[in-house]
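Asks: let's see this in three dimensions:
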Amino acid sequence: MSSIERFQPLPESVAVSENIAASGVADDLVACMAGHWKHVYRLLYRMAGNAHDAEDLAQEALVRAIERKSQFTPGTNLRSWLLKIAANAFLDQCRKRRSASTHPLVEDVPHTARGPDARLEGKELGQALASAISRLPHTPRAVFVLRAEEDMSFREIGEAVGISEEAARWHMMQARRELVSQLDGKL
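Replies: Below you'll find the predicted structure:
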């Protein structure tokens with residue numbers, strides 16, 4: 001079972017601060033977000049490249065969402081709002097870590113029902129792709145993951161990352177070019 005399938009952050013593993021819990025909004029918002037939390041964690045897992053950072057960022061995104069509950073407009077897309085908060089949490093973390101160079105631990109590739117040779121090739125390709133994605137600059141990586149994994153529109157991606165729709169398209173094109181260049185010969 002992959003790290004994505006094992007992770008269930010709501011409600012057991014989330015530590016909500018006392019002042020947020022006392023406000024009475026935590027339970028209602030946590031209940032509303034539970035249906036979208038799989039998408040938030042998956043986005044953060046793909047962007048961060050490891051389960052530990054994804055879990056920390058998911059909890060950070062939950063706290064931010066609770067603190068910013070008043071900024072959510074009822075009737076709009078809750079999932080997009082949560083993904084925007086999550087993407088911004090990731091980008092904020094990247095800005096903080098710019099001076100420190102770290103490398104994520106190698107993660108298991110999800111098990112498939114194919115034969116050993118095909119599994120090995122798939123695992124190698126999956127590792128090469130994950131490695132190539134992790135080497136993308138932060139903004140193109142965020143745009144690529146939001147588009148490829150979350151199937152968000154370029155307008156939604158632009159809003160989530162804080163850039164224009166055209167800039168989101170440009171970053172996606174740059175990410176694709178870089179990935180093709182890095183994976184040339186492995187496909």
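
Asks: next, find the distance separating the residue nearest to Glu149 when sequence neighbours are not counted from Gly75.
Replies: Spatial nearest neighbour of Glu149, excluding adjacent residues (CB to CB, 6 or more residues apart in numbering): Arg46 at 5.1 Å. Backbone N, C-alpha and C define where each C-beta goes, glycine included. Using CB to CB, to the nearest Å, Arg46 is found at 29 Å from Gly75.

Asks: do a quick rundown of the helices in the protein.
Replies: Applying DSSP state H to the chain gives helices spanning 3-6, 18-22, 26-33, 37-48, 51-67, 78-97, 116-134, 138-148, 154-161, 165-183.

Asks: next, format the ones you listed as TSV and append mean pLDDT and mean neighbour count.
Replies: Listed next are the helices of the chain as TSV, based on pLDDT from 0 to 100; neighbours: other CB atoms under 10 Å:
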stretch	mean pLDDT	mean neighbour count
helix 3-6	48	12
helix 18-22	43	11
helix 26-33	64	16
helix 37-48	88	23
helix 51-67	89	20
helix 78-97	87	19
helix 116-134	76	14
helix 138-148	91	22
helix 154-161	91	21
helix 165-183	91	16
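
Asks: for the residue nearest to Glu149, which residues are in contact?
Replies: By CB atoms under 8 Å, 6 or more residues apart in numbering, the contact set of Arg46 is 133, 145, 149.

Asks: isn't the second one up against Ser134?
Replies: No. Counting by CB atoms under 8 Å, Ser134 is not a contact partner of Val145; they are 10.6 Å apart.

Asks: compute the number of surrounding residues for Pro137.
Replies: By other CB atoms under 10 Å, 12 other residues sit near Pro137.
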